[in-house]
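Q: Give me a model of this one.
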Amino acid sequence: MIARLGDVATYVNGYAFKPSDWSDIGLPIIRIQDLTGNSYQANRYNGEYDKRYEIHDGDVLISWSASLGVYVWTGEKAVLNQHIFKVVFNKLEVDKSFFVHQVRNILENSVSQAHGATMKHLTKPVFDALPFNLPSVAEQQRISSVLDKLTIIISYRKQQLARLDEVVKARFVEMFGDPVRNPYGWEIRHFEEISTLITDGEHVTPRRVESGIYLLSARNVLNHAIQVDDVDYIDQTEYARIAKRVVPQGGDILISCSGSIGRCCVVPDNFKFQMVRSIALIRFRKQINPVFAEWLITSDDLQRQILQAATQSSQANLFQGRIKKLRGYVPPLKLQDRFADFVVKINRQKLTIQQSLDQLEVLRKSLMQEYFG
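A: Numbers count the residues shown, from 1 in each chain. Next comes the predicted model:
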């Protein structure tokens with residue numbers, strides 16, 4: 001049986017809480033960033049509210065703007081902010097896990113129907129009209145059982161990757177000491193003193209093409225990795241124009257400096273690209289190993305400095321002048337190199353796990369296609 005999402009459930013949109021509604025006490029206000037794990041500020045509401053906006057442990061939530069996704073809320077009673085649907089199931093018999101898996105697949109395949117150039121969102125009429133495969137409850141439960149087990153394995157692989165990052169962080173503190181306390185008494189220097197170049201990407205909007213040379217923006221800079229799944233391109237002529245300002249090199253450090261600021265990675269060797277204003281680039285002197293610098297910048301101390309240095313408008317920005325004034329310790333280069341060798345060994349293990357994770361994701365997409373079309 002093929003139904004529509006609007007037949008399966010009613011979707012209650014959250015309330016548009018304003019900053020003036022925020023409080024230090026009361027019920028948590030759940031925003032999209034609280035669902036995606038990118039929240040750094042917990043806001044609460046301590047006033048009267050419509051019970052429609054109340055959510056409880058186990059409720060299914062769908063973010064329909066900016067970041068499309070489906071989630072099962074696990075937490076205390078809360079109230080729902082705008083741009084998130086609370087799912088209230090209708091009388092049709094629907095297994096909750098089956099619903100979550102299928103809607104996740106629907107959202108992944110419906111981005112092309114989303115409106116907005118910079119902020120993707122689905123209008124409610126479009127969302128309600130999307131087709132939903134509705135077999136018998138027994139078949140739903142069989143399918144969800146398979147996908148639940150696969151999801152658990154994928155989650156375990158991701159946990160393995162996260163734990164290896166924790167191993168590196170622990171090794172960093174073991175070798176160099178906590179950056180705040182600096183127990184070994186390393187020399188503290190401003191970034192402008194230990195670098196030969198601190199700049200950012202192109203300020204004039206580059207002319208993009210369908211394929212060619214990577215044009216990176218802040219979304220492409222992750223902690224310890226560059227992702228090019230969602231990337232823009234420029235041609236050689238545009239590359240040459242921007243290159244008059246800066247030519248990124250292997251060993252340079254990239255920092256996201258607009259929106260989600262402070263993510264950091266090393267540029268790999270022989271990686272040709274250009275970048276826009278939302279990325280900053282640091283080229284350290286030879287007394288700094290780039291891998292050491294990458295992990296120093298992602299340490300809690302430097303991340304605090306970055307947040308304090310950010311300018312706030314509609315979104316956070318980190319400008320070159322503020323980056324130059326960031327401060328960090330400078331241990332002996334031989335010790336930095338030993339740490340970098342350790343990171344290389346850990347990265348080999350991460351690569352093996354990532355390859356397994358990629359295969360599992362391919363299997364998941366294949367099963368999604370088989371079950372949901």
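
Q: What is the neighbour count of residue 238?
A: 19 (other Cβ atoms under 10 Å). From N, CA and C alone the C-beta is placed, and that goes for glycine too.

Q: element containing it?
A: helix 236-243 (DSSP states H and E).

Q: repeat for residue 355
A: Using DSSP H and E, residue 355 falls in helix 333-372.

Q: mean confidence for that helix?
A: Taken as a whole, helix 333-372 has a mean pLDDT of 96.

Q: List the buried residues in it.
A: Across helix 333-372, burial judged by 16 or more other Cβ atoms under 10 Å covers 336, 339-340, 342-343, 350, 353-354, 357, 360, 364, 367-368, 371-372.

Q: Out of these, flag the one nearest to residue 110.
A: Of all the buried residues of helix 333-372, residue 110 sits closest to residue 372, with 12.0 Å by Cβ to Cβ.

Q: Could you chop this structure up by domain?
A: 2-134, 138-179+332-373, 187-330 (automatic domain parsing).

Q: looking at the ones you listed, which one has the lowest mean pLDDT?
A: Among the domains of the chain, domain 2-134 scores lowest, with a mean of 84.

Q: from the buried residues of helix 333-372, which is closest to residue 177?
A: Closest to residue 177, out of all of the buried residues of helix 333-372 and judged by Cβ to Cβ, is residue 339, at 12.3 Å.

Q: Touching, the closest one and residue 170? I think so.
A: No. Assessed by Cβ atoms under 8 Å, residue 339 is found out of contact with residue 170, at 11.7 Å.

Q: Now residue 4: phi and psi?
A: Note on residue 4: its backbone torsions stand at phi -110, psi 150 [degrees, to the nearest 10].

Q: which outside residues touch stretch 337-353?
A: 157, 160-161, 164, 167-168, 171-172, 175-176, 289-292, 295 (Cβ atoms under 8 Å, 6 or more residues apart in numbering).

Q: next one: stretch 268-282
A: With Cβ under 8 Å, 6+ apart as the criterion, stretch 268-282 contacts 191, 195, 197-203, 206, 213-218, 220-221, 226, 234, 238-239, 242-243, 246, 248, 250-259, 293, 318, 320, 323.

Q: that older thread, for the helix holding residue 238, packing partners?
A: strand 213-216, strand 273-275 (3 or more Cβ pairs under 8 Å, 6 or more residues apart in numbering; DSSP states H and E).

Q: how about the strands of the stretch 151-300 of the chain, start to end?
A: Per DSSP state E, counting those that start in this stretch, the stretch 151-300 of the chain carries strands over the ranges 187-190, 195-200, 213-216, 221-222, 225-226, 232-234, 253-256, 264-266, 273-275, 279-284.

Q: re the thing from before, among the contacts of stretch 337-353, which ones are buried?
A: 157, 160, 168, 171-172, 176, 289-292, 295.

Q: Closest one of these to residue 52?
A: residue 157 (38.0 Å).

Q: Leaving out sequence neighbours, find the closest residue to that closest one.
A: residue 357 (4.3 Å; Cβ to Cβ, 6 or more residues apart in numbering).

Q: ok, that neighbour to residue 344 distance?
A: Computed as Cβ to Cβ, to the nearest Å, the residue 357 to residue 344 distance reads 20 Å.

Q: which one is residue 105 nearest to, not counting chain neighbours?
A: Using Cβ to Cβ, 6+ apart, the closest residue to residue 105 is residue 368 (4.4 Å).

Q: Could you do residue 154 as well?
A: Leaving aside its sequence neighbours, residue 154 sits nearest to residue 360 (Cβ to Cβ, 6+ apart; 5.1 Å).

Q: and if you look at residue 216?
A: Residue 216 sits nearest to residue 275 (Cβ to Cβ, 6+ apart), 4.5 Å away.

Q: For burial, what's the neighbour tally of the one you found?
A: Neighbour count of residue 275, defined by other Cβ under 10 Å: 25.

Q: can you check residue 158 too?
A: By other Cβ under 10 Å, neighbour count at residue 158 equals 14.
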